[in-house]
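Participant: Starting from these lines, generate the structure:
(one chain, ligands or ions: 2)
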Amino acid sequence: MTDIAAPSTAGAFEVRPNASALSVEARDAALADLAFGVQFTDHMARMQFRDGEWHDRRVEAYGPLQMDPASAVLHYAQEIFEGLKAYRWADGSIHLFRPEANAERFRKSAYRLALPDLAVEDFIGAIEALIETDHAWVPGVEESSLYLRPFMFASEAFLGVRPAAVVDFLVIASPVGAYFPGGVKPVSIWVAQGFHRAGPGGTGDAKCGGNYAASLLPQQQAYANGCQQVLFLDAKDDRYLEELGGMNVYVVRRDGTVETPRLTGTILEGITRYSVNQLLEDDGRKVIEKDITLDEVRMGIESGDIAEIFACGTAAVVTPVGRLASPDFDVTVGDGEAGPITMDIRRRLTDIQYGRAEDVYGWMRKVG
Ligand code: PLP
Ligand code: COI
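Facilitator: Ligands and ions are numbered 1, 2, ... in the order given. Okay, the predicted model is just below:
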């Protein structure tokens, strides 16, 4: 994964200011009460692909899209997205975390979904142009950030099944606090029963909306069983841990060794996952990427050999897991509280993201 600062086409985006932008008071009120993904900034960035090229780079008022009911995305789900955050540092400056990596993953997802390629410089340019316009929306309170959601969808109106020739790309932005209501508290996880998120050769390692649609029914079952997230097992053997609905997963052994499912093509290659692996290894910990069975995790929790479990992702950062449940078992991880290795890696990562620690990796990109 490369973090070489990519060029940006931000200057090519025409800004059409929102005449109905929120007042300073209304914006401050919105920023004082942060949840996840419910509030959006005054503008959005967009481009359109047609006649084989990207056109109309602009930043305009956030608002409803006009779509033909025959737009292919509404029928065949030809859509991809990304998620990354902008952080406000104590000196007021604004920084993105590894946006080049999100841009590269977006290109991979586009390839898998037969969507047009979007250059890294346009991906970053759209984000930078939007942040420049809506910089006042990047919150400054602890553990808050501006969540950016770039997405691309088939907007051509036709009902034949083939890749669309007209495609829209947008970036919207949402000031956010913690993903799970209640902040950094251990979450409970339900093991999906009879459903899988992705199969070999499918779209598991692409960030496409369809993967999330497939996760909603098991997620609903997790809620019904008092859990906040669902854990998916592999589709072939139904034994190996893959990932959660929107996060990668780790187990921490009593001896401090950390394990995470190896990448098989059915798991999303989390940018947080790559970063956590690097930080752990540089702290002298052993990180093993391997096949991990549900049975060994259950038995490890019961015997105390597994001391901690955590999940990680852009939205969830690093979230401790306190309980793992299925129709056959219901086990508490350790004492059910956040473990020390989980909280340490969370702090190591967020210290870099918020500029409290030196960014020796070159992960942060200053954007304001
Ligand atoms: N796995 C899934 C299914 C996700 O939706 C996400 C979130 O983006 C992740 C893993 C973690 O990826 P990242 O760390 O790049 O946010
Ligand atoms: C993210 O962490 O960015 C995600 O996409 C997870 C979820 C909000 C879908």
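
Participant: Contacts only, for the residue in the stretch 1-150 of the chain positioned nearest to ligand 1.
Facilitator: The nearest approach of the stretch 1-150 of the chain to ligand 1 comes at G83, 4.8 Å away (CB to the nearest ligand atom). Backbone N, C-alpha and C define where each C-beta goes, glycine included. Residues in contact with G83 (CB atoms under 8 Å, 6 or more residues apart in numbering) are N102, Y147, L148, R149, K207, G313, T314, A315.

Participant: Same question for R57.
Facilitator: By CB under 8 Å, 6+ apart, the neighbours of R57 are T9, A12, F13, E14, A45, R46, M47, D122, G125, A126, A129.

Participant: isn't there a helix covering the last one?
Facilitator: Okay, so that is A129. Yes: per DSSP: H, G, I helix; E, B strand; the rest coil, A129 lies within a helix segment.

Participant: Cross-check the contact I'm expecting between it and M47.
Facilitator: No: with contact defined as CB atoms under 8 Å, A129 does not count as touching M47 (10.4 Å).

Participant: Need the three-state assignment for the residue nearest to E14 when sequence neighbours are not counted.
Facilitator: Sequence neighbours aside, R58 is the residue nearest to E14 in space, at 4.5 Å (criterion: CB to CB, 6 or more residues apart in numbering). When classified by three-state DSSP, R58 comes out as strand.

Participant: give me the beta-bridge partners of R58?
Facilitator: E14, R46 (DSSP bridges).

Participant: Do I have it right that it meets F13?
Facilitator: Yes: contact criterion CB under 8 Å: R58 and F13 qualify, at 5.8 Å.

Participant: Before we move on, what's the pLDDT of the residue of the stretch 1-150 of the chain closest to ligand 1?
Facilitator: Listed pLDDT for G83 reads 98.

Participant: swap in the one 4 residues further on?
Facilitator: Y87 is assigned a predicted lDDT (pLDDT) of 97.

Participant: same thing with the one 4 residues further on?
Facilitator: For D91, the model assigns a pLDDT of 97.

Participant: From here on, call the first residue 33.
Facilitator: Okay, residue one is now 33; in that scheme the one you just asked about reads as D123.

Participant: so who does it touch?
Facilitator: D123 neighbours (CB under 8 Å, 6+ apart): G387.

Participant: Backbone dihedrals for it, please?
Facilitator: phi -80, psi 10 (degrees, to the nearest 10).

Participant: Strands along the stretch 283-400 of the chain, start to end?
Facilitator: For the stretch 283-400 of the chain, the strands defined by DSSP state E, counting those that start in this stretch occupy 290-293, 319-322, 338-345, 349-357, 362-364, 396-398.

Participant: out of the ones you listed, nearest to E57?
Facilitator: strand 396-398 (28.9 Å; CB to CB).

Participant: for that closest one, which positions count as buried?
Facilitator: M396, R397 (16 or more other CB atoms under 10 Å).

Participant: ok, now stretch 127-143?
Facilitator: Buried residues in stretch 127-143, counted by 16+ other CB under 10 Å: 127-139, 141-142.

Participant: can you list the residues of the stretch 233-382 of the chain near ligand 2?
Facilitator: G278, G345, T346, A347 (CB under 6 Å from any ligand atom).

Participant: now with 8 Å?
Facilitator: K239, Y244, G277, G278, M279, T304, G345, T346, A347, A348 (CB under 8 Å from any ligand atom).

Participant: most surrounded residue in the residues you listed?
Facilitator: Using other CB atoms under 10 Å as the neighbour criterion, M279 leads those with 27 neighbours.

Participant: Low-confidence regions, the stretch 33-182 of the chain specifically.
Facilitator: 33-34 (pLDDT under 70).

Participant: Could you give the residue of it that lies closest to ligand 2?
Facilitator: G115 (2.2 Å).

Participant: Next, work out how far apart that residue and S206 are.
Facilitator: 10 Å (CB to CB, to the nearest Å).

Participant: just the strands of the stretch 283-400 of the chain: most buried one?
Facilitator: Of all the strands of the stretch 283-400 of the chain, strand 338-345 carries the top mean neighbour count, a mean of 25, counting by mean count of other CB atoms under 10 Å.

Participant: That strand pairs with which strands, parallel or anti?
Facilitator: Within its sheet, strand 338-345 is paired with strand 280-285 (antiparallel), strand 349-357 (antiparallel), according to DSSP bridges.

Participant: now the ones you listed as JSON lines including mean pLDDT and distance to I338?
Facilitator: Listed next are the strands paired with strand 338-345 as JSON lines, based on pLDDT from 0 to 100; distance: least, CB to CB, whole Å:
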{"stretch": "strand 280-285", "mean pLDDT": "98", "distance to I338": "5"}
{"stretch": "strand 349-357", "mean pLDDT": "96", "distance to I338": "10"}
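
Participant: the helices in the protein, which residues?
Facilitator: Remark: helices assigned in the chain by DSSP state H are 56-63, 104-108, 131-144, 152-165, 241-256, 303-314, 326-335, 372-385.
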